Structure formats: C-alpha cells, structure tokens
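**Q** Provided below for reference: sequence and predicted model.
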Amino acid sequence: MNAPAAMPPLLELLGERWRLEVPVVALAWARQGGRVAFALGDGAVALGGPLQPRGGRPPAVPRELQRVPAHEGACLALAASADGCFLSGGDDGRLLCILPPRAYAEELARHPGEWLDRVAAGARGLRACASGKRVWLQGPELEDEVIELALPCGVTALAFDPAGGRLAIAGHGGVSLWSAADRSLRRLDAPGYHRSLAWSADGRFLASGLQENAVGCWRLGDGRHFLFEGHAGQPRGLAFAARGHLLAAGGGPMVAAWDLDQPRPAAGRIEFGYPSRVPVTALAWHPARAVAAVGYHNGAVLLCRPGGQHSLFVKGSGGGPVEALAWAPDGGALALGTQQGDAAVVAVPAEILTMARTA
C-alpha cells in the first residue's frame with residue numbers, strides 16, 4: 001500500500017519525520033499550546049512543538065524533538081493533563097509529570113514493583129493510573145488524597161468522560177464506572193475481555209472493544225447495551241466522531257462504523273478506508289470534521305471519510321505498524337508513531353479538510 005506517484009504523501013509536503021530507533025508506545029497532544037509528546041520504549045518521552053501558526057496557512061511543524069529521560073525501564077502509557085503537563089507511566093512503577101518546555105520529569109506517585117501500563121487524565125484535573133487489578137486516582141478535586149480502587153480483574157484500559165468526572169475502567173467481564181461526584185463504583189457487566197474504551201463527545205455513550213472480535217456499547221441514560229459481533233479482527237483505534245454518535249473501529253482491513261442514533265445500529269453498519277488486506281491498527285477522528293485518520297499494519301496512514309470513495313495518503317508504507325495517531329486539538333495537524341520508531345507531525349491544511357462535510 002503506497003501513495004500514487006502523482007500525489008506525494010502529505011508527510012513529504014507538509015510534515016516532519018524522526019526515526020527514533022525505539023518503538024513509539026503512545027502519543028498525546030497538549031490540550032493547549034500545540035505541543036506533542038511521544039512515549040518511547042526506552043523510557044524516554046520526546047517533546048515537539050509548539051506548532052507555529054502562519055496567517056491562515058498550514059502551521060509550521062516542529063523540526064526537532066526534545067528527548068526527556070523519564071523511566072528507568074520502558075514508558076508504557078501517556079496522557080495529556082488539564083494543567084498542561086504530560087502524564088507518563090512506566091515499568092518502574094512511577095507516575096510522572098513532564099511539563100514543557102522544561103526537560104524535567106516530576107514524580108507524582110511511586111508504586112514499587114508495579115507496571116503502570118495505563119494512565120488517564122480528566123478535564124477537571126483528575127488523573128489515574130493502573131497496574132494489575134488496582135487503580136489509583138489523585139488530583140486537586142480530591143484534596144491531595146490518593147484513592148485506590150481494587151477491581152475484580154486486571155485493568156486493560158482507562159478513560160475519563162469528556163466532562164472529566166467519570167472514569168471508565170475496562171477488564172474481563174465488563175467495565176466499571178467510578179464517579180467523582182459520590183466516589184461510587186458502578187459495574188457494567190458484559191461477557192468478554194474488554195480491552196479498549198471510547199466515550200462519545202457528549203458522554204452519553206461508552207464503547208468497548210472486545211478481544212473476541214466484537215464491539216460493545218452502553219447508552220448510559222437507560223443502560224441499553226449494544227453488541228456488534230463478527231468484527232474482522234480485534235477492534236483497534238476505537239473512537240466516536242466529534243459530533244453525533246458514529247462509532248468506528250479498526251482491526252480489520254476496513255474501518256467499521258455504526259450510527260448509534262439509528263433504531264437498529266447493527267443493521268446499518270458501514271465500512272470505509274482503503275480496500276486492501278492490511279489491517280487497521282490505529283484510528284483518530286478529526287475534532288471537528290467527519291474525517292478519520294487511519295493507520296495500518298504496514299505503516300501507511302490515510303485520511304478517509306464515511307461514504308467517501310477516495311482516500312488521501314498522509315504517509316506511505318514502511319516503519320512498522322502504526323501504533324498511535326492523534327489530531328492536534330484545533331485539527332490543524334496530525335501526529336503518528338510506529339512500532340519501529342517512526343514519529344511524525346503533519347500539518348493538514350483547511351483545504352484538505354473541505355473534502356468532508358462538517359461532522
């Protein structure tokens with residue numbers, strides 16, 4: 001899967017690429033300021049940016065990355081906090097705050113002997129990390145108290161809702177919901193091994209990707225549970241579009257999507273993306289448009305839209321499977337990372353995004 005010769009990938013025209021020689025585990029954009037961070041398999045966190053606006057033209061992407069020593073082993077998870085820092089968890093049991101532009105990692109918590117392989121940050125300043133069957137929560141709203149939750153099974157994913165007051169915790173047999181309002185823990189039972197999570201933008205729906213090649217979703221207002229079985233692979237890159245309740249998942253050779261506002265979402269399943277045998281490994285919706293960045297096992301990244309007949313190459317194949325994809329909060333740039341250590345930031349002009357209707 002390579003870009004047509006007549007149209008070079010956007011990365012070659014409007015981007016910057018770094019070969020870091022260690023796997024990119026995760027990436028995150030700061031909520032403000034245009035900085036991006038890449039979590040690396042050697043324990044470092046690489047910082048880029050800020051993006052430089054250029055009077056209505058595509059922003060100037062960073063030319064260099066600042067490597068910050070963070071963990072003694074591998075960096076396992078990364079999230080952008082509401083206060084501007086990047087949270088990282090590692091196999092040294094430490095939760096760190098890396099606040100650009102300082103090349104310094106401040107320790108927020110230490111859990112000796114644990115692998116902090118899941119971290120999450122909420123819009124209200126709450127932060128969470130997990131190891132095994134335990135989750136730790138802290139933040140200003142908790143008045144510096146650290147809350148420890150004991151779960152019935154190993155934690156496989158964490159995700160705060162858009163408002164930042166509820167934390168979803170995935171594992172075997174369902175998802176648990178912790179509420180900051182009353183510190184309660186609610187169980188959403190559903191058979192299977194739940195490995196990924198996604199919230200709709202309005203917080204009404206919570207989706208989970210199952211190891212059993214299925215996607216589940218709860219409508220939290222009335223508790224209704226949807227189950228979309230027969231997926232072409234384990235769901236990867238589970239995500240909701242910015243508006244409405246269009247849920248998409250990778251894992252197969254095409255992106256599968258369901259509109260949860262329809263009376264029978266399962267019957268209205270659609271597929272989009274590049275028609276090939278290469279599975280989708282990462283997916284990120286644009287924050288304002290009905291455009292998805294789609295990453296593949298062979299390293300290619302495309303821009304696609306539901307119902308569209310054409311795709312635009314951001315990056316051709318090579319560099320290993322795409323492990324992470326994320327849009328800058330204003331939608332003006334896309335960052336990506338691969339398992340073989342390629343990291344990149346690509347400016348995406350507004351003219352490119354007009355290929356999609358506003359989501």
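**A** All right, it came through fine. Just so you know, these numbers come straight off a predicted model, no measurement behind them.

**Q** quick one: contacts for L158?
**A** Neighbour list for L158: R118, V119, A120, A128, C129, A130, V135, L167, A168, I169, A170, L197 [criterion: C-beta atoms under 8 Å, 6 or more residues apart in numbering]. Glycine gets a C-beta too; all of them are placed from N, C-alpha and C.

**Q** which secondary structure element contains the fifth one?
**A** Secondary structure from DSSP states H and E places C129 in strand 127-131.

**Q** Output the contacting helices and strands for that strand.
**A** Counting contacts by 3 or more C-beta pairs under 8 Å, 6 or more residues apart in numbering; DSSP states H and E, strand 127-131 is packed against strand 86-90, strand 118-121, strand 134-138, strand 157-160.

**Q** most packed of those?
**A** strand 86-90 (a mean of 29; mean count of other C-beta atoms under 10 Å).

**Q** Touching it from outside, list them.
**A** Here strand 86-90 makes contact (C-beta under 8 Å, 6+ apart) with 28, 30, 37, 39, 43, 45, 47, 70-81, 95-100, 105, 108, 115-119, 121, 127, 129.

**Q** and the angle from it to strand 127-131?
**A** 10 degrees (axes from the mean of the first three to the mean of the last three C-alpha atoms, to 10 degrees).

**Q** ok, strand 86-90: who's next to it in the sheet?
**A** Strand 86-90 pairs in its sheet with strand 75-80 (antiparallel), strand 94-98 (antiparallel), by DSSP bridges.

**Q** Tabulate the ones you listed (CSV), appending mean neighbour count.
**A** What follows is the strands paired with strand 86-90, written out as CSV (neighbours: other C-beta atoms under 10 Å):
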stretch, mean neighbour count
strand 75-80, 24
strand 94-98, 22
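
**Q** mind giving me CSV with those strands and columns for mean pLDDT?
**A** Below are the strands paired with strand 86-90 laid out as CSV (pLDDT from 0 to 100):
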stretch, mean pLDDT
strand 75-80, 98
strand 94-98, 96
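
**Q** what about those strands, which gets the closest to L303?
**A** strand 75-80 (22.6 Å; C-beta to C-beta).

**Q** centre of the chain versus the closest one, how much separation?
**A** A distance of 10 Å separates the centroid of the chain from that of strand 75-80, by C-alpha atoms, centre = their mean, to the nearest Å.

**Q** So what touches that strand?
**A** Here strand 75-80 has contacts from 25-31, 37-45, 86-91, 115-121, 127, 129, using C-beta under 8 Å, 6+ apart.

**Q** Quick one: buried ones out of these?
**A** Those of those that meet the buried threshold are 25-30, 37-45, 86-91, 115-121, 127, 129, by 16 or more other C-beta atoms under 10 Å.

**Q** picking up where we left off before, could you provide the helices and strands packed on strand 127-131 in TSV, with additional columns for distance to G209 and mean pLDDT?
**A** Converted to TSV, these look like this (distance: least, C-beta to C-beta, whole Å; pLDDT from 0 to 100):
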stretch	distance to G209	mean pLDDT
strand 86-90	21	97
strand 118-121	15	98
strand 134-138	19	97
strand 157-160	8	98
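
**Q** Same list, these, but as JSON lines with distance to R224 please.
**A** Putting the helices and strands packed on strand 127-131 into JSON lines (distance: least, C-beta to C-beta, whole Å) gives the following:
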{"stretch": "strand 86-90", "distance to R224": "33"}
{"stretch": "strand 118-121", "distance to R224": "25"}
{"stretch": "strand 134-138", "distance to R224": "26"}
{"stretch": "strand 157-160", "distance to R224": "20"}
